[in-house]
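K.L.:
build me a structure from this.
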Amino acid sequence: MSKLLELYEKRNKAVAATRAFLDSKRANGDILSAEDDATYNKMESDVIALGKEIDRENRLAAIDAKLAEATTNPITNKPLKPEGEHKTGRASKEYRADFLNILRGRPMIHNVIQESTDADGGYLVPEEFETQIVAALEETNVIRSIAKTITTAAERKIPIAATHSVAQWTLENGAYTESTPTFGQKTIDAYKLTDLVKVSTELLQDSMFDIESYITAEFARAFGIAEEQAFCIGTGSNQPTGIFTANGGEVGVTTGSATAITGDNLIDIVYALKSPYRRNAVFLTNDGTISAIRKLKDSNGAYMWQPSLQAGQPDRLLGYPLYTSPYVPAVAASAFPLAFGDFKNYWIADRLGRTVQRLNELYSTNGQVGFIATERVDAKVILSEGIQLLQMAGA
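P.N.:
Residues are numbered from 1 along each chain as shown. Got it, this is the predicted structure:
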């Protein structure tokens, strides 16, 4: 049995034991004693720890699968002519070679590097390098995995139907009734996100040190964290507009308490979302809120939260996939601690071309070289009715 399957079985047994313990203590309608509460919290912590271990194993499995992929394709037909294989621009081998030489402080060989038109300068990264960064962002950033992502070259205006036409029953030879649908638009621009890392000159001079992989991983980690936080609670001022804000999703349910979410609240938010959106809907919240929801049951006595039984699949809540992010607001008065909807209504717009700039002199007295990575991105909810927010009652 693989370690991953063993972890899934262990967590499922722990979940069953935790539920049985809670049910046995509440069989007579009793309130948990302090000792029982401590025991339950320990059992719940074990389940959460196993869940995190499962997540880690899933990520490692994905990395192993990527490493196991063939590095070359088998030859199944006649070789292409040399001129047909040659890629141009940022996809070419010459561009990649010169870019890596610049990172290491070596002279260019082919002189094909393209400079960014951005005021801050820097060099446009090779296409393969940029794809690696995007892939790493998707693994780090849960919002990117469920939202709609587009690439833009300039400010983009998105037309939205504010109201629709209405059909009318009309008598034969009767006058037609006019419909007056109205339209609005939302604009997606680009905000600049930057990161600066320093590498010692000794490491750069060491040909055994994979500078490309290091910079890719470091920039992807930093950008992923900053992006996910903005995608959740961004203000829209010099950064994307977050889902869990007044300008994000639509408030579908307001709880009766400032500190607790009930099972009825969860059922209500599912049906606050129009049925066409429910086909691809998921829940999004944070681990702290999940900890409270795990104890809730529906009217049939079944627990609303169901652990994933299959590797690579998310846990479920009321039958819908459940995703978590540490940047979703916690349960508090007037906060938005949970969203339910089709997150393809949240658009992430990447401005084409990330850049990397090498700083040779700034840190030279410390024996280091700096690298600045820059990307431009914006994001916002395009159709707010497609993402329903649960809002806590005011204090």
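K.L.:
mind checking pLDDT for Arg106?
P.N.:
For Arg106, the pLDDT comes out at 67.
K.L.:
how about Trp347, secondary structure?
P.N.:
strand (DSSP: H, G, I helix; E, B strand; the rest coil).
K.L.:
look up how far Thr151 lies from it.
P.N.:
11 Å (Cβ to Cβ, to the nearest Å). For every residue, glycine as well, the C-beta is placed using N, CA and C.
K.L.:
neighbour-wise, which of the two wins?
P.N.:
Remark: of Trp347 and Thr151, Trp347 carries more neighbours, 22 against 12, as counted by other Cβ atoms under 10 Å.
K.L.:
could you confirm Pro321 falls within a helix?
P.N.:
No. Counting by three-state DSSP, Pro321 falls outside a helix, being strand.
K.L.:
tell me the pLDDT at it?
P.N.:
For Pro321, pLDDT reads 93.
K.L.:
might you report the residue contacts of it?
P.N.:
282-283, 313-315 (Cβ atoms under 8 Å, 6 or more residues apart in numbering).
K.L.:
and those residues, which two are the farthest apart?
P.N.:
Farthest-apart pair in those is Phe283 and Gln313; separation 14.1 Å (Cβ to Cβ).
K.L.:
circling back: show only the entries of the contacts of Pro321 found in strands.
P.N.:
Assigned to strands by DSSP state E, the following of the contacts of Pro321 qualify: 282-283.
K.L.:
tell me the buried residues within the contacts of Pro321.
P.N.:
282-283, 314-315 (16 or more other Cβ atoms under 10 Å).
K.L.:
quick check, nearest of these to Gly353?
P.N.:
For those, the nearest to Gly353 is Val282 (31.0 Å; Cβ to Cβ).
K.L.:
my guess is the closest one contacts Ile143. True?
P.N.:
No. Using Cβ atoms under 8 Å, Val282 is not in contact with Ile143; the gap is 11.3 Å.
K.L.:
what residues do these two have in common as contacts?
P.N.:
Shared contacts of Val282 and Ile143, counting by Cβ under 8 Å, 6+ apart, come down to Phe343.
K.L.:
want to throw the contacts of Pro321 into CSV with pLDDT and distance to Phe343?
P.N.:
As requested, these are arranged in CSV below (pLDDT from 0 to 100; distance: Cβ to Cβ, whole Å):
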residue, pLDDT, distance to Phe343
Val282, 96, 7
Phe283, 97, 10
Gln313, 79, 17
Pro314, 85, 13
Asp315, 89, 16
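K.L.:
going by distance to Asn366, which of the contacts of Pro321 wins?
P.N.:
Pro314 (44.6 Å).
K.L.:
how about Asn389, phi and psi?
P.N.:
One correction, residue 389 is Leu, not Asn. phi -100, psi 140 (degrees, to the nearest 10).
K.L.:
OK, contacts around it?
P.N.:
So Leu389 contacts 243-244, 248-252, 336, 338-339 (Cβ under 8 Å, 6+ apart).
K.L.:
swap in 7 Å and give it another go.
P.N.:
Contacts here follow Cβ atoms under 7 Å, 6 or more residues apart in numbering; on that basis Leu389 touches 244, 249-252, 336, 339.
K.L.:
what are the boundaries of the strands in the stretch 201-350 of the chain?
P.N.:
Taking DSSP state E, counting those that start in this stretch, the strands of the stretch 201-350 of the chain run over residues 250-254, 282-285, 305-306, 316-317, 320-324, 338-341, 346-351.
K.L.:
just confirm Gly252 contacts Val270, I think it does.
P.N.:
No. Contact criterion Cβ atoms under 7 Å: Gly252 and Val270 do not qualify, at 9.1 Å.
K.L.:
in terms of neighbours, single out the busier of the two.
P.N.:
Higher neighbour count among Gly252 and Val270: Gly252, with 21 against 18, using other Cβ under 10 Å.
K.L.:
next up, the contacts around the more buried one.
P.N.:
269, 272-273, 388-390.
K.L.:
out of these, flag the one nearest to Thr39.
P.N.:
Of the contacts of Gly252, the one sitting nearest to Thr39 (Cβ to Cβ) turns out to be Leu390, at 29.9 Å.
K.L.:
how about that closest one, secondary structure?
P.N.:
On the basis of three-state DSSP, Leu390 is classed as strand.
K.L.:
not counting sequence-adjacent ones, nearest residue to it?
P.N.:
Leu338 (4.3 Å; Cβ to Cβ, 6 or more residues apart in numbering).
K.L.:
fine by me, we can end here.
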